[in-house]
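Participant: My questions are about this predicted structure, shown below with the sequence.
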Amino acid sequence: MDPRLQTLWDHHEIRQLLATYCHGCDRGDEVEMAGTYAADSWDDHGTRKMEGRRFSVETVEEALRTTNLVSHLLGQSLIRVDGDSAGAETYFIATLLYPSKDEGGGETIGQLGGRYVDRLVREDGQWRIKDRVCVREWSHSHPVAGDWLANAGFAAAHRSQADASYAALGLAHSGNPWLGEVRAAALTS
């Protein structure tokens, strides 16, 4: 293949990998998210620094337990490919919606803006995240005072096969194999 076409193809596959990571995280699909990491990987996400696939399990479990929504927006990526390894810097904004801890109810919105700085490897012909550093550039949170589109008839987001993205993309929610164990542990605690 022409080296320029290979570079374009590698860039496309890496951007798809980054989008798949976010889709798995946002939809609560731990198996999909974990599949974006190399077999021997590392993720440094601030307070959570651990092997990438374990990071996926712990992050999705916590999100399903503590948030009403997780949503990533990816920005530009600068990607450099060198054979079967690559480096990438990708801007993101992550938004999380939490039930309020106040007695009055409501929700709190938190946002984090930063960059994923990744070292990637090609394993079995597929690009995977080898090492990730999540760089925080800004963050904030505040109570949600109102939602002007709450009852406007938009399709609801789901963290399951019921989400519209699964039918449109021809995907199956991979599930969360550990979720039954987490729920059983919560009942015995």
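Facilitator: Arrived safely. Numbers count the residues shown, from 1 in each chain.
Participant: contacts and neighbour counts: CA atoms only from here.
Facilitator: OK.
Participant: Would you mind listing the buried residues in the longest helix seen in the chain?
Facilitator: If you go by DSSP state H, the chain has its longest helix at helix 3-26. Neighbour-count burial for helix 3-26 flags 7, 10-11, 14-15, 17-26 (criterion: 16 or more other Cα atoms under 10 Å).
Participant: How about stretch 53-69?
Facilitator: Buried residues in stretch 53-69 (16+ other Cα under 10 Å): 53-57, 59-61, 63-64, 67-69.
Participant: I'd like these laid out as TSV, including secondary structure, pLDDT and distance to N176.
Facilitator: Below are the buried residues of stretch 53-69 laid out as TSV (DSSP: H, G, I helix; E, B strand; the rest coil; pLDDT from 0 to 100; distance: Cα to Cα, whole Å):
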residue	secondary structure	pLDDT	distance to N176
R53	helix	96	13
R54	helix	96	13
F55	helix	97	13
S56	helix	96	10
V57	helix	94	8
T59	helix	96	12
V60	helix	96	8
E61	helix	94	8
A63	helix	96	12
L64	helix	94	10
T67	coil	96	16
N68	coil	95	17
L69	strand	96	17
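Participant: hey, C-alpha coordinates of the following helix or strand past the longest helix of the chain in CSV?
Facilitator: Sequence order places helix 30-34 as the next helix or strand after helix 3-26, per DSSP states H and E. C-alpha atoms of helix 30-34 as CSV (Å, rounded to 0.1, in the frame of the first residue of the first chain):
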residue,chain,number,x,y,z
GLU,A,30,-17.3,-2.1,30.2
VAL,A,31,-16.4,-4.9,27.8
GLU,A,32,-16.4,-2.5,24.8
MET,A,33,-14.3,0.0,26.7
ALA,A,34,-11.8,-2.6,28.0
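Participant: can you give me the mean pLDDT across helix 30-34?
Facilitator: Average pLDDT, helix 30-34: 95.
Participant: same thing with stretch 149-157?
Facilitator: With pLDDT averaged residue by residue, stretch 149-157 scores 92.
Participant: what's next to that stretch, contact-wise?
Facilitator: Contact partners of stretch 149-157, identified using Cα atoms under 8 Å, 6 or more residues apart in numbering, comprise 163-164.
Participant: And it, end to end?
Facilitator: 14 Å (Cα to Cα, to the nearest Å).
Participant: Equivalent analysis for stretch 98-114, please.
Facilitator: 20 Å.
Participant: Can you give me the buried ones in that stretch?
Facilitator: 98-99, 107-114.
Participant: Quick one: mean pLDDT for it?
Facilitator: Rounded mean pLDDT across stretch 98-114 is 88.
Participant: re earlier: which of the buried residues of helix 3-26 lies closest to S165?
Facilitator: Within those, the smallest distance to S165 is 9.1 Å, found for H23 (Cα to Cα).
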